[in-house]
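A.B. asks: Just a sequence and a predicted model for now, questions to come.
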Amino acid sequence: MEDAVRHLLRSRGIRLDHPENSASDTGFCLLGVAERVPDFGEKRGEPVNIWHVKSDLLPVSMAEFERWLVDAPRGRHWLLSERKMPDRYATLLPSESEIVVWGPNEMSVWLGEAILSGDLKVTSPVSQSENTKIEYDNKGKTDRDVGTIEPIIDIESWLIQKGLEEGALTYPIHLNCIIWDIEGNIVSPSGESEQKTWMVLEDPWTSSISLFDGFDNPSSPPSLRVLDPPVSKWKAPDELISQLPSILDTRRRGQMEDNDSSVRSIMLEWWRLDTSSTKITPMHIGVPAWIVKIAGKEDTVLHGINGRTFPFA
């Protein structure tokens, strides 16, 4: 359950700074310290210490809760407990304390709503061979993500630039895109041929293709909600191949030649993609993005690579 809690915190845009001492003798585990917690009612202010209590047959006793209150540092706290809390725990809270306690009922509602909304995914374990196998559906796309890209946009800086640091809530997601594994030949003006491989990113959200350098996380992408583009935004294989020369054709040094002044010059010549020899294989990839929620306005999606925004439907 702790892993699910951590995944859900990440999906809500809650970044945790990990403390040096994360566990206590009472079974209260400090997951980390967050700058802001939307579910806590925070936007800006003092950091919030987020605690988790694992499931157990016995409820939390008054003595355990009191011991935690003594050991916990000063400040704001959000306690997520899978164990039932004592009936009169609130009587132990100092009058000036800023402590929010969620018991099993609140946690069940929180996790259930996250699953229904797609913020948290429930999946069965798969073997390594199943995880690495690539299958294709009738649209020519793979049926699972194989990695993610690190965002170029810094969400905190973007919010400050837009003057939204105090009034916006953000939730990280992935935009469904495709990496095409390309095999083909490039041919020189004299007919020389060289076999090459490339990876090309198809981003249907911007109707663009570009060379791709590699995955930041090839084996275990975070479990975030994935948005699919309209089917019409995907390129057909023939359309994609016809556009590949614009990014794969390359100029290379040719043979040296003499001019009238006896000065040798190096000519640049085009090596062009032979589209008839090209083979393409698709793989899904999660491109980072955020849902941006502002009171009184429609939700928008911020693209984590190019910074473009578009309505969230």
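C.D. replies: That came through, no problem. Note that the structure is predicted; figures quoted are calculated from it, not measured.

A.B. asks: alpha carbons only for contacts and neighbour counts from here, please
C.D. replies: Will do.

A.B. asks: what bits of the stretch 51-200 of the chain have low per-residue confidence?
C.D. replies: 116-147 (pLDDT under 70).

A.B. asks: for it, what spans make up the strands?
C.D. replies: 76-81, 98-102, 145-148, 168-187, 193-203 (DSSP state E, counting those that start in this stretch).

A.B. asks: Those strands: which one's closest to I280?
C.D. replies: When the strands of the stretch 51-200 of the chain are compared by C-alpha to C-alpha, strand 168-187 sits nearest I280, at 4.7 Å.

A.B. asks: Figure out how far that closest one is from the centre of its chain.
C.D. replies: Its chain's C-alpha centre lies 12 Å from the corresponding centre of strand 168-187 when counted by C-alpha atoms, centre = their mean, to the nearest Å.

A.B. asks: Buried residues, that strand. List them.
C.D. replies: Neighbour counts over strand 168-187 (16 or more other C-alpha atoms under 10 Å) mark 169-187 as buried.

A.B. asks: packing partners for the lengthiest strand in the chain?
C.D. replies: Identified as the longest strand of the chain according to DSSP state E is strand 264-294. On a contact count with 3 or more C-alpha pairs under 8 Å, 6 or more residues apart in numbering; DSSP states H and E, strand 264-294 meets strand 145-148, strand 168-187, helix 237-243, helix 245-248, strand 250-258, strand 300-303.

A.B. asks: could the ones you listed be laid out in CSV, adding distance to S207?
C.D. replies: Listed next are the helices and strands packed on strand 264-294 as CSV, based on distance: least, C-alpha to C-alpha, whole Å:
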stretch, distance to S207
strand 145-148, 19
strand 168-187, 11
helix 237-243, 11
helix 245-248, 14
strand 250-258, 23
strand 300-303, 13
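
A.B. asks: Between these, which one is closest to T281.
C.D. replies: strand 168-187 (5.0 Å).

A.B. asks: name the helices or strands packed onto the closest one?
C.D. replies: helix 2-11, strand 193-203, strand 226-227, strand 264-294.

A.B. asks: got the CA coordinates for it in CSV?
C.D. replies: Extracted in CSV, the C-alpha atoms of strand 168-187 (Å, rounded to 0.1, in the frame of the first residue of the first chain):
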residue,chain,number,x,y,z
ALA,A,168,-2.9,26.8,-9.7
LEU,A,169,-2.9,23.1,-9.0
THR,A,170,-0.9,20.8,-11.2
TYR,A,171,-1.0,17.0,-11.8
PRO,A,172,1.7,15.2,-13.8
ILE,A,173,0.5,12.9,-16.6
HIS,A,174,1.9,11.3,-19.8
LEU,A,175,0.9,12.1,-23.3
ASN,A,176,0.8,9.0,-25.6
CYS,A,177,3.3,9.3,-28.4
ILE,A,178,5.2,6.9,-30.6
ILE,A,179,8.9,6.1,-31.0
TRP,A,180,9.6,4.7,-34.5
ASP,A,181,12.6,2.4,-34.8
ILE,A,182,13.8,3.1,-38.3
GLU,A,183,16.1,0.8,-40.5
GLY,A,184,17.1,1.9,-43.9
ASN,A,185,19.9,3.0,-46.3
ILE,A,186,21.2,6.4,-47.2
VAL,A,187,22.7,6.8,-50.7
